[in-house]
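> predicted structure and sequence below. I'll ask about it afterward.
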Amino acid sequence: MKATLEEWRQARHAELAGANSWLGLVGLFWLDDEISRVGSGEDCVVRLPSGPAHLGDLIRRDACVFWQPAGGEARALQTDRDGRPDTIEHDSLSFFVVDREGRFAARVRDRAWATRQPFAGVDYFPENAAWCIDADWLPLDPPLTIEVPNVTGELKPVTVAFKAVFAVDGQSVELLPMSVGEREVFFVFRDRTSGRETYGAGRFLKARPAADGRIRLDFNRAFNPPCAFTPFATCPLPPPENWLPFPVEAGEKRWLGGH
């Protein structure tokens, strides 16, 4: 059974307020050298805010990354490319390796962040049934390949085989999915509230897979991307095709908190 909007908002708050929240990130360090020192020392590539001057080394070999603790043996790390990454922990700090089209980075998190500044929550537009839209799910033949930028300026090619088509106040518009899976369809969009009431780089929206040529887009569940909460995320930006020419006054508003 699908969660109610209030249940969805409660789960969203718990996610953002938890130890593994995006708000707990304290660094993103690109591993451009074969060996990257990790620790609190000034000579470290992955600079930790506390702990030993040299905790260990991250080693790149071909398409793999290994973790070698100081005085210990190296072991391979699973990145976030194919699922849950391996995490290295030290006191309240942890880090894991992200893979962005073959370029690796260490993302560092302080799991005790909320003890210093608890998360106060995100504001929402009032629920509006008019923004729960049943759109046509139409195939693209041939499929379209678009270059999707992220906040670091890198481009990722995305092949799009379907589009969602719907009308708002008599104006027909389209949304292209960034990914289509067995459990969900993922969109990135911006609209006339972006940079005003909502986050300037756009918002995310997830939908259940289409059925019988239709897909439900509930913009009341539109939410901020991770980069709205931290500078240490690499979020995709909405392609020009997903810039909606009207305000979508539904879902999460811009987060006004500081960290």
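Done, it's in. Numbers count the residues shown, from 1 in each chain.

> which stretches in the protein count as helices?
In the chain, the helices defined using DSSP state H lie at 5-17.

> mind giving me the domain ranges of it?
19-115, 121-242 (automatic domain parsing).

> and the shortest one, average pLDDT?
For domain 19-115, mean pLDDT rounds to 94.

> start to end distance for that domain?
10 Å (Cα to Cα, to the nearest Å).

> rewinding a little: which one of the domains of the chain lies closest to residue 8?
domain 121-242 (5.8 Å; Cβ to Cβ). All C-beta atoms are positioned from the backbone trio N, CA, C, and that covers glycine.

> what sits against the residue nearest in space to the middle of the chain?
In the chain, the residue lying closest to the centroid (Cα atoms, centre = their mean) is residue 226, at 4.7 Å. Residues in contact with residue 226, defined by Cβ atoms under 8 Å, 6 or more residues apart in numbering, are 22, 233, 235.

> excluding chain neighbours, give the residue nearest to the second one in space.
The reference is to residue 233. residue 226 (3.7 Å; Cβ to Cβ, 6 or more residues apart in numbering).

> distance of that neighbour from residue 199?
Using Cβ to Cβ, to the nearest Å, residue 226 is found at 11 Å from residue 199.

> and the spatially closest residue to residue 11 that is not a sequence neighbour, how many neighbours does it have?
Residue nearest to residue 11 in three dimensions, not counting chain neighbours: residue 3, with 6.9 Å by Cβ to Cβ, 6+ apart. Using other Cβ atoms under 10 Å, residue 3 has 11 other residues around it.

> how close does residue 3 sit to residue 253?
Residue 3 is 20 Å from residue 253, by Cβ to Cβ.

> distance check, residue 137 against residue 213.
Distance from residue 137 to residue 213, by Cβ to Cβ: 6 Å.

> do residue 78 as well
38 Å.

> who has more neighbours out of these two?
residue 78 (16 against 11).

> so the more buried one makes contact with residue 98?
No - taking Cβ atoms under 8 Å as the definition, residue 78 is not a contact partner of residue 98, at 11.3 Å.

> so what's residue 111 up against?
Residue 111 touches 19, 20, 24, 92, 93, 94, counting by Cβ under 8 Å, 6+ apart.

> tell me how far the first one lies from residue 71.
Note on residue 19: its distance to residue 71, by Cβ to Cβ, is 28 Å.

> more crowded one of the two?
Per other Cβ under 10 Å, whichever of residue 19 and residue 71 has more neighbours is residue 19, with 14 against 7.

> need the mean per-residue confidence for stretch 173-186.
96.

> mind checking how far that stretch is from the chain centre?
The chain centre lies 15 Å from the centre of stretch 173-186; the measure is Cα atoms, centre = their mean, to the nearest Å.

> start to end distance for that stretch?
First residue to last in stretch 173-186 (Cα to Cα) measures 17 Å.

> list the buried ones in it?
173, 175, 176, 177, 178, 180, 185 (16 or more other Cβ atoms under 10 Å).

> what is the nearest of those residues to residue 204?
Among those, and counting by Cβ to Cβ, the member closest to residue 204 is residue 178, at 8.9 Å.

> who touches residue 120 in this structure?
By Cβ under 8 Å, 6+ apart, the contact set of residue 120 is residue 257.

> err, residue 171, not the other one
Applying Cβ under 8 Å, 6+ apart, the residues contacting residue 171 are 245, 246.

> so what's it bridging to?
Applying DSSP bridges to residue 171 yields these beta-bridge partners: residue 168.

> also residue 187?
The partner residues for residue 187, given DSSP bridges, come to residue 205.

> the nearest residue to residue 37 once chain neighbours are set aside: what's it in contact with?
In space, and not counting its chain neighbours, residue 37 is closest to residue 44: 4.4 Å by Cβ to Cβ, 6+ apart. Residue 44 makes contact with 36, 37, 38, 53, 54, according to Cβ under 8 Å, 6+ apart.

> which among the domains of the chain is found nearest to residue 11?
Nearest of those to residue 11, taken as Cβ to Cβ: domain 121-242 at 10.7 Å.
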